[in-house]
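Visitor: Sequence and predicted structure, then a few things I'm wondering about:
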Amino acid sequence: MGNPEVPMTYWQSLAAAADRGELFLDPEVAAICSKSCTNYVAKLQESIASAKLLAGIDGWGEFQSGQALREIYAKKAVGGENNMVDVLQSHIDVVTEMQAVFKKFFVDTTVTDVGTAADIGQQIPK
């Protein structure tokens, strides 16, 4: 998150705050949120697959107006300005950033706990 010319997203700024120790979240809650993110990304990916199918729908007839409509709707699904696939992908990108923040609280905490336990184990006389 180092390029000062590119502004951080909201979730990137939360990740940075977590790294600095300025943001706290219960590890159990963070794990639940992370799992929800995983489930939501899967649904968004299914929606992308469905949107891609919309680009190939026929049945608009042979008239030029029907073909023009088919082209308009195909581009709204895939490849056009603000098309559905790109919008859904931008949602996936945000949810992935969210999940990265949540993972900081239960992945990093587990690593720290394991390290602390190992340190304590080495300090106890046998």
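Guide: Yes, it's here.

Visitor: Identify the residues contacting S47.
Guide: M84, L88 (C-beta atoms under 8 Å, 6 or more residues apart in numbering). C-beta here means a position set from N, CA and C on the backbone, and glycine is covered the same way.

Visitor: same deal with F24?
Guide: F105.

Visitor: center of the chain - which residue?
Guide: T96 (2.1 Å; C-alpha atoms, centre = their mean).

Visitor: May I ask which helix or strand encompasses it?
Guide: Element membership for T96, per DSSP states H and E: helix 84-123.

Visitor: Let me know the average pLDDT across that helix.
Guide: Here helix 84-123 scores 81 as its mean pLDDT.

Visitor: cool, and stretch 46-53?
Guide: On average, stretch 46-53 scores 96.

Visitor: tell me which residues of that stretch are tucked away?
Guide: S47, I48, A51 (16 or more other C-beta atoms under 10 Å).

Visitor: now do stretch 82-98
Guide: N83, M84, V85, L88, H91, I92, V95, E97, M98.

Visitor: Kindly format the C-alpha coordinates of it as CSV.
Guide: Provided in CSV are the C-alpha atoms of stretch 82-98 (Å, rounded to 0.1, in the frame of the first residue of the first chain):
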residue,chain,number,x,y,z
ASN,A,82,-20.4,-0.4,-17.1
ASN,A,83,-21.2,-4.0,-18.1
MET,A,84,-22.5,-6.5,-15.6
VAL,A,85,-19.3,-8.7,-15.6
ASP,A,86,-17.1,-5.7,-14.8
VAL,A,87,-19.4,-4.4,-12.1
LEU,A,88,-19.6,-7.8,-10.4
GLN,A,89,-15.8,-8.1,-10.6
SER,A,90,-15.4,-4.8,-8.9
HIS,A,91,-17.7,-6.1,-6.1
ILE,A,92,-15.4,-9.2,-5.8
ASP,A,93,-12.4,-6.9,-5.6
VAL,A,94,-14.0,-5.0,-2.7
VAL,A,95,-15.1,-8.1,-0.8
THR,A,96,-11.6,-9.6,-1.3
GLU,A,97,-10.2,-6.4,0.3
MET,A,98,-12.7,-6.7,3.2
